[in-house]
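*Asks:* sequence? don't have it. structure:
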């Protein structure tokens, strides 16, 4: 018997990393011992007090039942306090915050809540592949807008204004930008909000990297009038070393929270309460937590810069976030060629920028989620591969 998949999946391929990790697994079974510098999965643990809270709460007999779809009031209050302390944004924890099982699910929830066939969505190129995947799953059409190094990877509003925007219902942005590490300031966010308001476009800002190697975290919600036109996603995955815990948040005005909850409540249930209480503890940590974390990442970034130098790549020293983005030398047709050369020769996996869109085809990305000794081993392997 043959059952066809739904048409919504026919143009949605398996995630690149899912396929590549299977190939690496087979190489490792054959004895390759590949060093994986491709994926941004933090290798450092959360703060000890966070783990202690999880253990204590999980040991109680009263914390294992179903939870409220809108999350624990304690967690929502901690999220509101965190936004006020670091972003200077005042939020109502009861009406303007929705905890998520990781912010990635929020991307799908937003698209499924507001989009349908015939709608168009502006998607950054290069950008996180989940944006275009979620748009396609909703039945809408993803319309790329190109970001360039010459424009510091910021949105070219003149280009967008020259287009037919009559069918555009939503726009995805992401700053600090992944994969390029580009920063955006308040003036840029003001332009985005003005653009959304002028064209009746819902602005969706994905903001999980604002604390990594960045002393000035920004939220689009700090802009006057942002609540009327914008939604922001945030996450504890990177900033609190809690990627596998799957804890994120959606920030918006009350009406949008309620609209998205109509979809979300049909897809999942509330998070395990001890996870929520531990997440609240993580959000209550003072600034020294981020300072210590960034001291580690700064040292690692210097080693990744050294790898980029070995590969003949060029890069921006001011980029932030959990990765280093660099332009490949002209001798390679595209980043896939360079990445495969390093994978099969040096047994080091790095990410080709083309998976983030056509504008990334001449770039590579290396994660900072590897200990110093692992990065040192990668440097040694690449040196040997280049100069056998």
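*Replies:* Received, thanks. Fair warning: this is a prediction, and the values are worked out from it, not measured in the lab.
*Asks:* Count the residues that sit near residue 230.
*Replies:* Per other Cβ atoms under 10 Å, the neighbour tally for residue 230 reads 27. Bear in mind the C-beta positions are built from the backbone N, C-alpha and C, glycine included.
*Asks:* wait, doesn't it sit right on residue 201?
*Replies:* No - the criterion here is Cβ atoms under 8 Å, and residue 230 misses it with residue 201 at 9.9 Å.
*Asks:* shared neighbours, the two?
*Replies:* When Cβ atoms under 8 Å, 6 or more residues apart in numbering defines a contact, no residue borders residue 230 and residue 201 alike.
*Asks:* Tell me which stretches of the stretch 151-300 of the chain form helices.
*Replies:* Assigned by DSSP state H, counting those that start in this stretch, the stretch 151-300 of the chain shows helices spanning 157-161, 186-199, 226-229, 254-267, 273-283, 288-310.
*Asks:* Can I get those helices in a markdown table including distance to residue 48, mean neighbour count and mean pLDDT?
*Replies:* Listed next are these as a markdown table, based on distance: least, Cβ to Cβ, whole Å; neighbours: other Cβ atoms under 10 Å; pLDDT from 0 to 100:
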| stretch | distance to residue 48 | mean neighbour count | mean pLDDT |
| --- | --- | --- | --- |
| helix 157-161 | 46 | 12 | 97 |
| helix 186-199 | 35 | 17 | 97 |
| helix 226-229 | 36 | 20 | 97 |
| helix 254-267 | 32 | 15 | 95 |
| helix 273-283 | 10 | 23 | 98 |
| helix 288-310 | 11 | 16 | 98 |
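*Asks:* Mind putting those into a markdown table with distance to residue 2?
*Replies:* Supplementary listing: these in a markdown table, determined by distance: least, Cβ to Cβ, whole Å:
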| stretch | distance to residue 2 |
| --- | --- |
| helix 157-161 | 44 |
| helix 186-199 | 45 |
| helix 226-229 | 46 |
| helix 254-267 | 28 |
| helix 273-283 | 41 |
| helix 288-310 | 47 |
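*Asks:* So for residue 122, which of the ones you listed sits nearest?
*Replies:* Among those, helix 157-161 comes nearest to residue 122, with 7.1 Å by Cβ to Cβ.
*Asks:* packing partners for the closest one?
*Replies:* strand 141-146, helix 186-199 (3 or more Cβ pairs under 8 Å, 6 or more residues apart in numbering; DSSP states H and E).
*Asks:* neighbouring contacts of the longest one?
*Replies:* In other words, helix 186-199. 154-155, 157, 160-161, 165, 168, 171, 173, 175, 201-203, 205, 218, 220, 222-223, 225-226, 228-230.
*Asks:* if we can go back for a sec, the helices of the stretch 151-300 of the chain: which one's closest to residue 344?
*Replies:* Short answer: helix 288-310, nearest of the helices of the stretch 151-300 of the chain by Cβ to Cβ, at 16.7 Å.
*Asks:* Tell me how far the closest one lies from the chain's centre.
*Replies:* Relative to its chain's centre, helix 288-310 lies at 19 Å (Cα atoms, centre = their mean, to the nearest Å).
*Asks:* Show me what secondary structure element comes after that helix.
*Replies:* strand 314-315 (DSSP states H and E).
*Asks:* Which segments of this structure make up each domain?
*Replies:* 7-45+288-386, 62-283 (automatic domain parsing).
*Asks:* For residue 260, which non-adjacent residue is spatially closest?
*Replies:* Of all residues not flanking residue 260 in the chain, residue 113 sits nearest, at 4.9 Å (Cβ to Cβ, 6 or more residues apart in numbering).
*Asks:* can you count the residues close to that neighbour?
*Replies:* Residue 113 has 16 nearby residues by other Cβ under 10 Å.
*Asks:* what packs against the helix or strand harbouring it?
*Replies:* Per DSSP H and E: residue 113 is located in helix 103-114. Secondary-structure packing of helix 103-114 (3+ Cβ pairs under 8 Å, 6+ apart): strand 97-100, helix 129-138, strand 168-173, strand 202-206, strand 230-235, strand 248-251, helix 254-267.
*Asks:* Direction included, what does the fifth one pair up with?
*Replies:* So that's strand 230-235. strand 202-206 (parallel), strand 248-251 (antiparallel) (DSSP bridges).
*Asks:* Relative to residue 150, which of the ones you listed is closest?
*Replies:* Between the strands paired with strand 230-235, strand 202-206 lies closest to residue 150; by Cβ to Cβ that is 23.0 Å.
*Asks:* which residues of the stretch 51-200 of the chain score low on pLDDT?
*Replies:* For the stretch 51-200 of the chain, no stretch has pLDDT under 70.
*Asks:* Right, I'll call it a day here.
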